[in-house]
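Engineer: Predicted model and sequence follow; I will ask about them next.
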Amino acid sequence: MISVVSLWLPILLSAVVVFILSSVIHMFLKYHNSDYNKLSREDKVMDDLRKAGIPAGDYMFPYCTENKERNSKEFQDKMKSGPSGVLTIFQGGAFSMGPSLAQWFIYCLIVGIFAAYIAGRALEPGAHYLSVFRFAGATAFVGYSLALMQNSIWYKKSWSATLKSMFDGLIYALFTAGVFGWLWPAA
């Protein structure tokens, strides 16, 4: 058994590698450009939303809080006439990537910590590279990919966008596994 603290270097290095790799994927490969569609009459929709003064947050429409309300004729009519959906509103003003990038790096560290925990509990010092690769990689894949399917299941995000993001997660997991296998403590 190996402590998580003793695996600080593969945790940190795998987070740095994934952070850089994700930047390359999103800035240069461009296969995520088709994940979203442009609204028809975008300017009008944005103007209407601006006039409504909706604060930043997540919204579902039509909205109800209880099954009794969901079964009402009024709610059913709203659903039939449409549209219905989930809407995320960002705060207005200049968009700053800094806070999101910082949170992404922290998330990469958290995935690395869980990969270290699982592999460290399952394997001894001096474990074979492929054994470390399997444990760290499977754990990292779970952390980077599996929960993304919920967005398509429940919130109707396109499956193609979800599968592309899961493919990214597979790449991140493979690199995480490689770093852990490379830096695994010797016996």
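Structural biologist: Alright, I've got the coordinates.
Engineer: Straight-line length of stretch 26-33, end to end?
Structural biologist: End-to-end distance of stretch 26-33: 9 Å, with Cα to Cα, to the nearest Å as the criterion.
Engineer: Identify the residues contacting it?
Structural biologist: The contact list for stretch 26-33, computed with Cβ atoms under 8 Å, 6 or more residues apart in numbering, reads 25, 161, 164-165. To be clear about C-beta, it is placed using only N, CA and C from the backbone, and glycine gets the same treatment.
Engineer: Widest-spaced pair of these?
Structural biologist: Across those, the two members that end up farthest from each other (Cβ to Cβ) are 25 and 161, 13.8 Å apart.
Engineer: Could you pick out the buried ones from the contacts of stretch 26-33?
Structural biologist: With burial judged by 16 or more other Cβ atoms under 10 Å, the buried subset of those is 25, 161, 164-165.
Engineer: Specify which member of these is nearest to residue 48.
Structural biologist: Once Cβ to Cβ is applied, the member of the buried ones among the contacts of stretch 26-33 that ends up nearest residue 48 is residue 161, at 25.5 Å.
Engineer: can you pull the contacts of the closest one?
Structural biologist: Residue 161 sits next to 32, 34-36, 152 when contact means Cβ under 8 Å, 6+ apart.
Engineer: Walk me through the domains of this protein.
Structural biologist: Structurally, the chain divides into domains by automatic domain parsing as follows: 5-36+96-183, 42-89.
Engineer: Highest mean neighbour count out of the ones you listed?
Structural biologist: When neighbours are counted by mean count of other Cβ atoms under 10 Å, the highest per-stretch mean among these falls to domain 5-36+96-183, a mean of 17.
Engineer: List the contacts of the helix or strand bottoming out on mean pLDDT in the chain.
Structural biologist: For the chain, counting by mean pLDDT, DSSP states H and E, helix 67-70 ranks last in confidence among helices and strands (a mean of 90). Residues from elsewhere that reach helix 67-70 (Cβ under 8 Å, 6+ apart): 64, 75.
Engineer: and that helix, C-alpha only, in CSV?
Structural biologist: Taking Å, rounded to 0.1, in the frame of the first residue of the first chain, the C-alpha atoms of helix 67-70 are listed here in CSV:
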residue,chain,number,x,y,z
ASN,A,67,-45.5,16.2,-9.6
LYS,A,68,-48.9,17.6,-8.8
GLU,A,69,-48.0,20.8,-10.7
ARG,A,70,-46.3,18.7,-13.5
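Engineer: For residue 174, which three-state class applies?
Structural biologist: Each residue gets one of three states, and residue 174 gets helix by DSSP: H, G, I helix; E, B strand; the rest coil.
Engineer: who touches the closest residue to it other than its chain neighbours in this structure?
Structural biologist: Beyond its immediate neighbours in the sequence, the residue positioned closest to residue 174 (Cβ to Cβ, 6 or more residues apart in numbering) is residue 137, lying 6.1 Å away. Residue 137 is in contact with 115, 173-174, 176-177, 180, counting by Cβ under 8 Å, 6+ apart.
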